[in-house]
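Engineer: here is my input; please provide its structure:
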Amino acid sequence: MVLGVTDEELARAIEAVVMVAVEPVSPGLLAELVEEPVERVEAACERLAGAYRAEGRGFVLARVAGGYRYQTHPELAPYVERFANRDVSHRLSTAALETLAIVAYRQPVSRAQVGALRGVNADGVVRLLEQRGYIVAVGRAEGPGQPILYGTTDLFLERLGLDNVSQLPPVEDFLPGVEVVAELEEGLRPAGAAGGAGIAGGVGVTGGVGVADGAGVAGVADGAGVADGADVAGVADGAGAPGAAGITGVPGAPAVPGVPGIPSDEPAARGAGADGAGD
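Structural biologist: Numbering: from 1, shown residues only. Got it, this is the predicted structure:
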């Protein structure tokens, strides 16, 4: 049993364990192995990480997925990628990356929800990500069918070098600005819609052309071309006249003398259609 180890011995023990570990080693497990408090182990890991940074090493002691592991320095990524991609590349497709991003930011999420956001069926891509170990079923949704809900795994955090999903960059950073959105809307807007022609200007509506100025209504009041006196009375007092389409086409029809409520000689004297009827 190792008891009362010095800071130097503790640091060496941490280095040895983390070096041979395949997955990140949690502070709790390290504390159990060296039989020291978790607080002291975490402090020792922070000192190690600071020393590596100060010395400008090609690797770092990073905390990812709730544990510690050694990984290459981010500045040396081009050299590492060149080495790793010598023979074959296992990069994810664009569709897989889009789906993985949706799961990461919206988890827990179902296949149907992923498909609705992407606009295509996502079953195949979800299966691929599940096989690669980047996502896993975390439960079932309430409601009809109880679809499976998916979330990201520790492997996903390892690949991105994150300790937890809260360290993901804000999704707002990937959205276009207000100016760009306005330009896109302007480009997608149909021709003539911006000015509101025929609507905002009120052509034929707000101006009331042929209605508000009483065009055609006066002729109806005079009894021109109206066969029923009841209609004349209803129109003469303005009832239903505003907005009555087709009233302007009434003048020109032969007037009928003897309409109740209107002297029989008045249409002949004032109506343009009465003279034609007398002939």
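Engineer: please make it C-alpha for all contacts and neighbour counts, starting now.
Structural biologist: OK.
Engineer: between the two ends of stretch 80-94, what distance do you get?
Structural biologist: 22 Å (CA to CA, to the nearest Å).
Engineer: low-confidence ranges, the protein, go.
Structural biologist: Across the chain, the ranges flagged by pLDDT under 70 are 1-3, 85-90, 177, 191-279.
Engineer: check contacts around Leu157.
Structural biologist: Val64, Ala65, Asp163, Asn164, Val165 (CA atoms under 8 Å, 6 or more residues apart in numbering).
Engineer: neighbours around the last one, how many?
Structural biologist: Applying other CA atoms under 10 Å, we find 17 other residues in the vicinity of Val165.
Engineer: quick check: Leu76 touching Gly58?
Structural biologist: Yes. With contacts counted by CA atoms under 8 Å, Leu76 reaches Gly58, the gap being 7.2 Å.
Engineer: picking that back up, return the subset of the contacts of Leu157 lying in strands.
Structural biologist: Val64 (DSSP state E).
Engineer: in JSON lines: the contacts of Leu157, plus distance to Val178.
Structural biologist: Compiled in JSON lines, the contacts of Leu157 are given as follows (distance: CA to CA, whole Å):
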{"residue": "Val64", "distance to Val178": "35"}
{"residue": "Ala65", "distance to Val178": "35"}
{"residue": "Asp163", "distance to Val178": "32"}
{"residue": "Asn164", "distance to Val178": "30"}
{"residue": "Val165", "distance to Val178": "27"}
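Engineer: just give me the closest of the contacts of Leu157 to Val138.
Structural biologist: Set against Val138, the nearest of the contacts of Leu157 by CA to CA is Val165 (14.9 Å).
Engineer: quick one, strands of this protein?
Structural biologist: Under DSSP E, the chain gives strands at 59-64, 67-72, 109-110, 135-140, 148-152.
Engineer: show me which residues of the first one are buried.
Structural biologist: When neighbours are counted by 16 or more other CA atoms under 10 Å, the buried residues of strand 59-64 are found to be Phe59, Val60, Leu61, Ala62, Arg63, Val64.
Engineer: before we move on, what about the second one?
Structural biologist: The neighbour-count check on strand 67-72 (16+ other CA under 10 Å) flags Gly67, Tyr68, Arg69, Tyr70 as buried.
Engineer: the first one and Glu15, how far apart?
Structural biologist: Using CA to CA, one obtains 13 Å as the distance from Gly67 to Glu15.
Engineer: can you check the last one too?
Structural biologist: Applying CA to CA, the value for Tyr70 to Glu15 is 9 Å.
Engineer: same question for the third one.
Structural biologist: Here the distance between Arg69 and Glu15 works out to 9 Å (CA to CA).
Engineer: burial check on Tyr134, number of neighbours?
Structural biologist: By other CA under 10 Å, the residues close to Tyr134 number 21.
Engineer: hang on, I meant Tyr52
Structural biologist: Residues within reach of Tyr52, counting by other CA under 10 Å, total 15.
Engineer: how about the closest residue in space to it that isn't next to it in sequence, what does it touch?
Structural biologist: Using CA to CA, 6 or more residues apart in numbering and skipping residues adjacent in sequence, the residue nearest Tyr52 is Val60, 6.3 Å away. Residues near Val60 by CA under 8 Å, 6+ apart: Ala49, Tyr52, Arg53, Tyr70, Gln71, Thr72, His73.
Engineer: Phe156 too?
Structural biologist: Gly133, Tyr134, Ile135.
Engineer: ok, it to Pro170 distance?
Structural biologist: Counting by CA to CA - Phe156 and Pro170 are separated by 17 Å.
Engineer: likewise Asn164?
Structural biologist: Distance, Asn164 to Pro170, using CA to CA: 14 Å.
Engineer: more neighbours, these two?
Structural biologist: Asn164 (16 against 10).
Engineer: from memory that one sits against Gly67, does it?
Structural biologist: No. Using CA under 8 Å, Asn164 makes no contact with Gly67, being 10.4 Å away.
Engineer: longest helix of this structure?
Structural biologist: helix 38-55 (DSSP state H).
Engineer: other residues contacting that one?
Structural biologist: Asp7, Leu10, Ala11, Ile14, Pro27, Gly28, Leu30, Ala31, Phe59, Val60, Leu61, Ala62.
Engineer: restricting to C-alpha, output it in CSV.
Structural biologist: The C-alpha coordinates for helix 38-55 follow below in CSV (Å, rounded to 0.1, in the frame of the first residue of the first chain):
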residue,chain,number,x,y,z
VAL,A,38,-9.5,13.6,-5.1
GLU,A,39,-8.7,17.2,-4.4
ARG,A,40,-5.0,16.5,-4.2
VAL,A,41,-5.1,14.4,-7.4
GLU,A,42,-6.9,17.1,-9.3
ALA,A,43,-4.4,19.7,-8.0
ALA,A,44,-1.5,17.5,-9.1
CYS,A,45,-3.0,17.1,-12.6
GLU,A,46,-3.4,20.8,-13.0
ARG,A,47,0.3,21.3,-12.0
LEU,A,48,1.3,18.7,-14.6
ALA,A,49,-0.8,20.3,-17.3
GLY,A,50,0.7,23.8,-16.5
ALA,A,51,4.3,22.4,-16.6
TYR,A,52,3.7,20.8,-20.0
ARG,A,53,2.4,24.1,-21.3
ALA,A,54,5.3,26.0,-19.9
GLU,A,55,7.8,23.6,-21.4
